[in-house]
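S.K.: need a structure here:
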Amino acid sequence: MRKRLCALMMTLILPLTACGGSKGENEAEETLARVRNRYLELTTCSGHGELTADYGQRVYTYGIDFSWQKEGETLLVLTAPENVAGASAHIAAGETALEFDGVMLETGPLNGEGLAPIDAIPALLSYAREGFVAECVMEEAEGTKLFHMICRDPEAQPGEGTEAELWFQAETLELLRGEISSQGETVIQCDISGFSMEFSQTG
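M.R.: You can find the predicted model right below:
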């Protein structure tokens, strides 16, 4: 089911609306407001990511269990590839690292801003919380309604600089997939499963 859903999101998604205007477009705007409110209220989340880092000539794939805290650190545990499975990294808020308990992932940055595979999960959550949303749309895949938003620099045109695309389950707002591109080329793809969220008491 997960593989089929991800394939549909990549190739067969049926666009329903775009931000602004009609009744359907208002649904996208309303869902965007819900996403922003919920992810700003988010205190902790966890899940599993199947991550692909594409350097053009080299492609790396990782399985990562993650646990993120708003007022704390992000814990990442590699589940694949086999030679580094079980290695873990602790990332304090606002910091990044390339070392998983002595295992160095010597893959290098994916763009001029120093984005590395280990940064993917915290970066996607940051986009969900506060990224500038250039486009948003309601979509449907295999009978599941999705909310899809695209974040980029407000001064940039599509395909310029760093962009992020995120897909959420429209009803629960569960993050299902994220992609990050640099100069129009996708450098990070991450399919997320088992995503759970906890909120502040006011959420």
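
S.K.: Break down this protein into its helices, ranges please.
M.R.: With DSSP state H as the criterion, the chain has helices at 2-11, 23-41, 120-130.

S.K.: The nearest residue to T31 once chain neighbours are set aside: what's it in contact with?
M.R.: Leaving aside its sequence neighbours, T31 sits nearest to F147 (Cβ to Cβ, 6 or more residues apart in numbering; 4.6 Å). To be clear about C-beta, it is placed using only N, CA and C from the backbone, and glycine gets the same treatment. Contacts for F147 (Cβ atoms under 8 Å, 6 or more residues apart in numbering) come out as 28, 31-32, 35, 136-139, 167-170, 173.

S.K.: again, only using 7 Å
M.R.: Listed by Cβ atoms under 7 Å, 6 or more residues apart in numbering, the contact set of F147 reads T31, V35, M138, F168, A170.

S.K.: my guess is S88 meets L75, correct?
M.R.: Yes. Between S88 and L75 there is a contact under Cβ atoms under 7 Å: 6.5 Å.

S.K.: follow-up on the earlier one: make CSV out of the contacts of F147 and add neighbour count and pLDDT.
M.R.: As requested, the contacts of F147 are exported to CSV (neighbours: other Cβ atoms under 10 Å; pLDDT from 0 to 100):
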residue, neighbour count, pLDDT
T31, 24, 97
V35, 21, 97
M138, 21, 95
F168, 25, 98
A170, 20, 96
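
S.K.: In CSV: those, plus distance to A80.
M.R.: Formatted as CSV, the contacts of F147 follow (distance: Cβ to Cβ, whole Å):
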residue, distance to A80
T31, 33
V35, 29
M138, 33
F168, 25
A170, 30
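
S.K.: Return the member of the residues you listed nearest to G194.
M.R.: F168 (15.0 Å; Cβ to Cβ).

S.K.: Just give the nearest non-adjacent residue to that closest one, would you?
M.R.: Residue nearest to F168 in three dimensions, not counting chain neighbours: F147, with 4.6 Å by Cβ to Cβ, 6+ apart.

S.K.: Retrieve the pLDDT associated with the one you found.
M.R.: With respect to pLDDT, F147 scores 97.

S.K.: now the one 4 residues further on
M.R.: With respect to pLDDT, C151 scores 97.

S.K.: coming back round to it: what separation do you get for the residue nearest to F168 and G159?
M.R.: 22 Å (Cβ to Cβ, to the nearest Å).

S.K.: returning to what we had before: which stretch among the helices of the chain is buried most, on average?
M.R.: Between the helices of the chain, helix 120-130 has the highest mean count of neighbours, a mean of 20, where neighbours are mean count of other Cβ atoms under 10 Å.

S.K.: now the angle from that helix to helix 23-41?
M.R.: 120 degrees (axes from the mean of the first three to the mean of the last three Cα atoms, to 10 degrees).

S.K.: Helix 120-130 - what's its average pLDDT?
M.R.: Mean predicted lDDT for helix 120-130 stands at 93.

S.K.: now the strands for the protein?
M.R.: For the chain, strands defined by DSSP state E occupy the ranges 14-15, 42-54, 59-69, 73-80, 88-92, 99-100, 103-104, 133-141, 144-151, 162-169, 175-182, 185-199.

S.K.: is it possible to export those strands to a markdown table including distance to P122?
M.R.: Formatted as a markdown table, the strands of the chain follow (distance: least, Cβ to Cβ, whole Å):
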| stretch | distance to P122 |
| --- | --- |
| strand 14-15 | 29 |
| strand 42-54 | 11 |
| strand 59-69 | 7 |
| strand 73-80 | 5 |
| strand 88-92 | 7 |
| strand 99-100 | 15 |
| strand 103-104 | 19 |
| strand 133-141 | 19 |
| strand 144-151 | 14 |
| strand 162-169 | 12 |
| strand 175-182 | 11 |
| strand 185-199 | 11 |
